[in-house]
Each structure stands twice: as C-alpha cells, then as structure tokens.
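Q: sequence first, predicted model second:
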Amino acid sequence: MEKKEHIISILVHNKPDVLARIAGTLGGKGYNIESLCVNSTTQYEISKIVMTTVGTKETINRIEGQLRRLVDVIQVDNLTNVESIHRELILVRLNLTPDKKEQIQEAIETNKWKIIVNADAYVVLEIIGDQSQIGFALARLEPMGIADITRTGIIALNLEH
Amino acid sequence: MKLKGTEILLKVLEEEKVEIIFGYPGGAVLDIYDQLYKSKMKHILVRHEQGAVHAADGYARSTGKVGVCLVTSGPGATNTVTGIATANMDSIPLVVFTGQVPTGLIGNDAFQECDITGITRPCTKHNFLVRNIEDLAATVKEAFHIARSGRPGPVLVDLPKNVMAASTEYDPANIKIRNQEAAYRPAFKKMADLQEMLTTARKPLIMTGGGVILGRASDLLTEMARKYQIPVTGTLMGLGSFPGTDPLWLGMLGMHGTYYANMAISHCDLLIAVGVRFDDRVTGTIETFAARAKIVHIDIDPSSINKNVAVDLPIIGDTKAVLKDLMKYLDEHNFTLDTAGRKEWLDQIADWKKQVPLTYCQNGTVIKPQYVIETLYKLTQGDAIITTEVGQNQMWTAQFFPFDKPNTLVSSGGLGTMGFGFPAAIGVKCAFPDKHVVDIAGDGSIQMNIQELATAAQYQINVKIVLLNNGYLGMVRQWQELFYEKRYSFTDMTYAPDFVKLAEAFGVVGLRATKPEEVEPTLKEGLSLDKPVLMDFRVSREECVYPMVHPGDSISNMSLGSREMIN
C-alpha cells in the first residue's frame, strides 16, 4: 500500500486538553504528526486544527476513525482528496556578512521576498507559499547561511464546501 | 438554591439514579465523604481502589447501568487505572470520581497530587477536571451521559478539594449538556444488500459479541437466528447474548474456541458479525479468517469497521436498532428460508460437533477443573451470575458453563485483567443479592485482589469463590509447556497461603476439596451457605485448555490435546 501525506482538518471544542487528546490518540497508536496548526475559529469555543500525517489509505482511515471517537471532536475532514488550498509560512533570519551581503540582497530582489526586519547586520524575511513554493525558497536560502528559521505547519482550506 | 459542591455532587448522583458507590476515602475527598455520611447513598468501602473500580464494573456489566466509584487523589487515583483500562477495553459504562488537590496547588507537586486526567486520557472514553464550581453539575451529568451513550465506556471526573467546598446556585432544570448520541439512520439500501446476501448464502453464520449485550439486542438476535435457522458463534464478550443451550449455538470461537465454531467460521460463506471488533484472539491469522465468506459487520463504532478485518457490508448503528430494522425489512420483503439448503449446512455443523466435542477426562483421583465448572452448572441449573479471573479458569468457564442469558458472564475480555473477577463479583452481588454470584478463579488471579475478602465479610456480600487451584499460573505455564519446551519460568505458585485458613482469617467461610467425589458436596455446601465462601479445589496441576489455536496461526488449525492436530 502506498504511503502518502494527508492533510486533516479537525473542528474541536476549545476545551483544555483537547490538543493533548488528539496528539495522544495518534501518538499512542503509533501514528506520527508531521505538522500541526491550531487556532480558534470565529467562535472562541470552537477551534480548528490542521495537521498532516503520513500513511496508507487504511492507516489514515483508522486515524480519522480514532479522532471521530473523541468526545471533543466535532468534525474531521481529509483535505487531501478534495479541492483545497494549502499554505505555510516561514520566518527566516539571514546575517548580512560581508561575503554574503550582496548575494542576499540580490536574491531578495529576484524572488520578491518580503523583508519584515531590515537591520544593519541581518534581515528577517517572511515567505508564504504552498509546500513546493516553500521548498523552492528553502533551497535558495540555504546556501546564503540561514541564521535562524521558524516554519509553521500547513494550514489548508476546503474549497468544496 | 445555593449549595455546596459536595451537596451538588450527591444531588446529581441521585438524579442519575445511582444506587451504590464503591469507594475508598482519603484527604482530598474528605468533604465528599462527610457529605456521604449525612446522605442515604449506599457506599461500599473496598480495601483497595482497584477493587472499587472492578466492583463498579461488575455492577455495570450485570445490570447494564453505569457503575460509580469514588477515590482520593494521587495514589488513590492511580490505583484505579487498571480498573479503568479494563472497563475501557470492554466498553463498560463507569463514572470514576477522583479527588484532586485544590486548584491553586495543581502543578505544584502538592502532597498526593497527580495528573490523573493526563494519566487516564488514553484509557477513558473521556475525562474531566472540574476547575469551577459553576461547571460541576453539568460536568457530572455529562459524564454519565458520555459513559452510557453510543459505544459506552469509563469516564473519569477529577474533583479538586476547593471546588467541592465552594458553593453555587443549583438549579437542576437549568443544566445543559452536549448530546453525544449519534443519530442512527436506517439504511434500507444496506438491508436490501443483506437480504440479497442471505438469499444466496448456503452457509450463513452469525458471530455475536459484547455489543449485542451492551445494546440489549440479545432477544432480537436470538429471534433472528432461530427464525432463519442461522447458527451462532460468539466472542468471550458475547457469551450469553444467544442461549448457550440452543442447538444453533456453536460456543465461543477463537484461540480457545470450540472445534465446530472455528470450522464453521472457516467454511461459512456469509458471516454476520454483530457488536464485535475482531480481536486478534478471535481471528487468528487475519488472512485466513472467514476466508470463504462475505462479511457483514454491524457495530455502533465506525472506527471498528475495517479496523482488523476488511468487511463487505458495514452497517453502523446501535445493534438493537439495526437488527430491528433488518427483521422488519426481511418480513416486509418476504424473505423466506431455503430449508433444504440450510439443512445441509446444519448437518455439516452437527457432524463437526460429533467429531470433536468439548471434552475432558475426569477419572482417577485428581479433580479436573472442567469437572468443577460442569458440576457448578449442574447444581445452579445455570441460574447464576458468573465472574471469572483471567487465564485457564476464564477459558474453561467460557467452554463448560453454557450462558443462556445476557449479563450473566462478567469477565475481563479485552485487557485480560487478573484480579478482576472477585471484586467484580462483589459489585454484581450488590445488584443481585438474591442470585448465586460465583467467581471462578485461579490461584494466581485470586491473590491479586485477595484483600477484598474483608469487604465481602464486612458487608456480608455473599459471593462464592470457586478457586481452581493448580499451584501454577496455569495459562502461562500452558504456553511454556507447548512453546517453551516446558521451561516453567516463574510460573510455579506452589508457595501460596492456605486459602481455607486465609478465608477464615478474613471472616469468610473456607472449604476445600481434594478428590473428585468431594467436588459436588463442597459446591453444594458452599452455595447453600448464606455467607461469603471461598472453595479451594485442588485440581489437576498440568491440565491444558483445548482446543488451542497456536498464536499467529489460522483458527481452523487447532491443537486438540491428546488428539492429533486436525487441519
């Protein structure tokens, strides 16, 4: 059976422990969470969790089943096989060392990366995109010496309903 | 009306029609116990918190109601974990109240503090920490609702000391809880598919499980099987959901299932599995399980479907509702039984029953454990509620005591918890004081919660312990004999207390039988006494449970003991 990445969107009651319940349900049964994003929806008492996990179709069905059993889970959607958009965000600091400074400034211009902090010694960039765009950016950033980086999990929006 | 937390708790328990609490006091629950002292609520003081949970579990399994226990924080709470996990694996509705240190101290490593909601998250259906007095009533109500709705299970409610001492306005009419009951929609397309399958099937078989008992669907299942002449096998948890004395009954299937049940599974062409989850002890190798059959799976829990066994027709819903709709559908669509075709299949099963019946050999001067169980059945006419421990005692009970009614076998199936049967029997007896309640035990298991003899003696809870004493951890020894060349690594339990004297020391009657002819008189005496009784039967030391499917093997491939292997 072919393993692939699945993006699962979960609506939950915003109760204490709800994230621990979800993480525990997956972890305890041997499934790994690859990426995770959580925040409340327009209603404070309901949160949306978007997570990605890798597995076969059977594994993912099992994961969805286990999640639906949880009392605080309202709805579980697998966004992998429906029309949906995905985004990740990275914040990255590049040190403007004399040997790299020119190369960095040139790359920022070419790729139209957004500078959110522009200091003498370093810049902080904010880059938003889907997985392949982020991958593309990272491949370009790495040779310039990444001083620090933070990457969010994937967020996704179902376009079918 | 302004009430204290402890008063609100007791009020809600009364509203939930709680009749009895099994518990053990301690620092963090002093206020609750003070309230109990003033109330009419019945409370049984156990001798270990694990016993409290098993007793509540036995009460729940035999009555179908929610079992309740109350323990203190820290070690009191952690001692409940085995009991909670036991109930969780078998989907038993419990509400477990644990004390907690005051909210201001939570996280400070206070005396007798532990994160019990964290510890029990993976082994409860749900749990709560009540942080505010305003949430108390609704949380407790919701806990009961969650425990008994859908696929039932244990719910833990952690009660900080200061919350219980605080006061708030209490208005029972104003408590709102979330509804967990999934709406069941009868799927007529599926009923049509099932009718089609039943029409074409030559060798249909029903496999009944704990979900039929929990869903109170035994009568319907029995009616259906009899009406359409479909033979029935069951899992350990399903015993009693179809009459064990009915000619259509094949006994338990699986690792220690009957030859004919396992053969029927392997040869059937339609398997209707109701309220089961296809545990590995039941299926053997998945690839060969019911390999010739189309499988219909009726279960309330969608996550059970296609979890272990791939099924052809899943029907998700409460077993009772589904079976009711199915019967109605078959009636309305003029489903008729192919009597001639069915006879062939039933004859085949009768042949298997004749070829390899469940058997043992009671001769000589040593008591055979199976003989004790058969004699117990004979003397009670099956009119008893039986609890078991775990291991050989449990499997022999499943094989040699036919259960005709649901909720009459109380046994830890999924988790296989040694020490379960005796405290569970105490809980059962509290619900059914006029019935024979017998714990069929082994000498290993009984020592795991032996302290509850004091509970039985104190309240004169007249349970009977039938101890099949072989001086071994019998089932583990059996595996060592069969798969580890008789290297009996730490399974010899010859060093044990004198159980008769031990019983007497606790204020419980102790009886002993060492010869086959003493079995019946000992059981007769033990059953007739209006006291808790421990009967120590010194049984054949190296008797094995047969048939046995070797782990990882196909269930049609059974080892039959003195007979040769049959394929």
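A: Ah, there it is.
Q: flag every residue of chain A that's near chain B.
A: By the rule C-beta under 8 Å from any C-beta of the partner chain, the part of chain A lying against chain B is A:13, A:16-17, A:20-21, A:24-25, A:28, A:58, A:61-62, A:65-66, A:68-72. Backbone N, C-alpha and C define where each C-beta goes, glycine included.
Q: which of these fall in helices?
A: Counted as lying in helices by DSSP state H, out of those, are A:A20, A:R21, A:G24, A:T25, A:G28, A:E58, A:N61, A:R62, A:G65, A:Q66, A:R68, A:R69.
Q: look up how far A:D148 lies from the residue of chain A at minimum distance from chain B.
A: When C-beta to the nearest C-beta is the measure, chain A has its nearest residue to chain B at A:G65, with 3.0 Å between them. With distances taken as C-beta to C-beta, to the nearest Å, A:G65 is found 39 Å from A:D148.
Q: also B:D90?
A: 51 Å.
Q: between these two, who's got more neighbours?
A: B:D90 (24 against 11; other C-beta atoms under 10 Å in any protein chain shown).
Q: state the phi and psi torsions of the more buried one.
A: Dihedral angles of B:D90 (phi, psi; degrees, to the nearest 10) stand at phi -100, psi 10.
Q: could you do the one 4 residues further on as well?
A: B:L94 has phi and psi values of phi -130, psi 150 when expressed as degrees, to the nearest 10.
Q: same check on the one 10 residues further on?
A: Here is the backbone geometry of B:G104 (degrees, to the nearest 10): phi -70, psi -20.
Q: host element of A:R140?
A: helix A:131-141 (DSSP states H and E).
Q: could the C-alpha coordinates of that helix be exported in CSV?
A: Output of helix A:131-141 as CSV, limited to C-alpha atoms (Å, rounded to 0.1, in the frame of the first residue of the first chain):
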residue,chain,number,x,y,z
GLN,A,131,4.7,23.2,0.2
SER,A,132,6.5,23.4,-3.2
GLN,A,133,7.0,27.1,-3.0
ILE,A,134,8.4,26.9,0.5
GLY,A,135,10.7,24.1,-0.7
PHE,A,136,11.9,26.2,-3.6
ALA,A,137,12.6,29.1,-1.3
LEU,A,138,14.5,27.0,1.2
ALA,A,139,16.7,25.6,-1.5
ARG,A,140,17.7,29.1,-2.4
LEU,A,141,18.1,30.4,1.1
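Q: how far is it from where the chain is centred?
A: Averaged C-alpha coordinates place helix A:131-141 at 14 Å from its chain's average position (C-alpha atoms, centre = their mean, to the nearest Å).
Q: which is the next helix or strand following that helix?
A: Next helix or strand after helix A:131-141 toward the C-terminus (DSSP H and E): strand A:146-151.
Q: ok, the residue nearest to B:K42 when sequence neighbours are not counted - contacts?
A: With C-beta to C-beta, 6 or more residues apart in numbering or on different chains as the criterion, B:K42 has its nearest non-adjacent residue at 4.5 Å, and that residue is B:I20. Taking C-beta atoms under 8 Å, 6 or more residues apart in numbering or on different chains, we find B:I20 in contact with B:M41, B:K42, B:H43, B:I44, B:Y59, B:V68, B:C430, B:A431.
Q: residue numbers of chain B in contact with chain A?
A: B:117-118, B:121-122, B:125-126, B:129, B:146, B:151, B:178, B:180, B:301-303, B:305-307.
Q: please list only the buried members of these.
A: B:117, B:121, B:125-126, B:129, B:146, B:151, B:301-303, B:305-307 (16 or more other C-beta atoms under 10 Å in any protein chain shown).
Q: excluding chain neighbours, give the residue nearest to B:V18 in space.
A: Of all residues not flanking B:V18 in the chain, B:V68 sits nearest, at 5.2 Å (C-beta to C-beta, 6+ apart).
Q: I'd say B:A425 and B:A441 touch.
A: No: between B:A425 and B:A441 there is no contact under C-beta atoms under 8 Å: 9.2 Å.
Q: picking that back up, what about the residue nearest to the residue of chain A closest to chain B when sequence neighbours are not counted, which SS state?
A: Using C-beta to C-beta, 6+ apart and skipping residues adjacent in sequence, the residue nearest A:G65 is B:S303, 3.0 Å away. Put simply, B:S303 is helix when judged by DSSP: H, G, I helix; E, B strand; the rest coil.
Q: any buried residues in stretch B:250-261, and which?
A: Neighbour-count burial for stretch B:250-261 [16+ other C-beta under 10 Å]: B:L250, B:G251, B:M252, B:L253, B:G254, B:M255, B:H256, B:G257, B:T258, B:Y259, B:Y260, B:A261.
Q: okay, and the last one sits in which element?
A: Taking DSSP H and E as the definition, B:A261 sits inside helix B:259-267.
Q: next secondary structure after that helix?
A: With elements assigned by DSSP H and E, the helix or strand that comes after helix B:259-267 is strand B:270-274.
Q: now that following strand: average pLDDT?
A: Taken as a whole, strand B:270-274 has an average pLDDT of 97.
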